[in-house]
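Trainee: Prediction below, plus the sequence it came from.
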Amino acid sequence: MLVLVPSRTKGGEITGERHVALNSLAMKIIRTQPRTASAFVFPASKGSSGHTTTAPKVWRTKVLRAAKLVGLRIHDLRHSFASFALADGTSLPIVGKALGHRSSRSTERYSHLSIDPVRGVSERIADRMKGIVSAA
């Protein structure tokens, strides 16, 4: 579980700390991080006993370079997460909870991405109705 203090989340002053369930892949990556005396998974690199505060800089200078990607924003990963979850049929409330949205209205902007699941449910209902009509 990743715990974000209120100052690190958009609505933290209202909702308090945010708990993020980490999946097995995230845990595997975390377990590969070098161990230090710090209590933090990503400790400060210089002169501090705290944690890194340069995630955007690390993203630009290390992650994107190592992955040979250009222009990908961290927020793009949230958008992709929502897209994949909705395409797999996950409900908007669950996607919203996973993204840490306080309101379902924040998540609704991703609903345009879920046309395949909508079409899928339409096909399943049509097949079910066809079976009822055929039996009558």
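Mentor: Right, received. Where do you want to start?
Trainee: residue ranges with poor pLDDT in the chain?
Mentor: 12, 47-48, 113-117, 135-136 (pLDDT under 70).
Trainee: my read: Gln33 touches Phe40, true?
Mentor: No: the pair Gln33 / Phe40 is not scored as a contact, 9.8 Å apart, by Cβ atoms under 8 Å. Any C-beta I mention is one placed from the backbone N, CA and C, and that applies to glycine too.
Trainee: gap between Ser111 and Val95?
Mentor: Using Cβ to Cβ, to the nearest Å, Ser111 is found at 9 Å from Val95.
Trainee: so what does the longest helix seen in the chain touch, helix or strand wise?
Mentor: Longest helix of the chain, by residue count under DSSP state H: helix 115-135. Contacts defined by 3 or more Cβ pairs under 8 Å, 6 or more residues apart in numbering; DSSP states H and E place helix 115-135 against helix 74-87.
Trainee: Helix 115-135 and the helix it packs on, what's the angle between them?
Mentor: Regarding helix 74-87 and helix 115-135, their directions subtend 0 degrees when assessed with axes from the mean of the first three to the mean of the last three Cα atoms, to 10 degrees.
Trainee: correct me, but Leu22 touches Ile30?
Mentor: Yes: the criterion here is Cβ under 8 Å, and Leu22 meets it with Ile30 at 7.4 Å.
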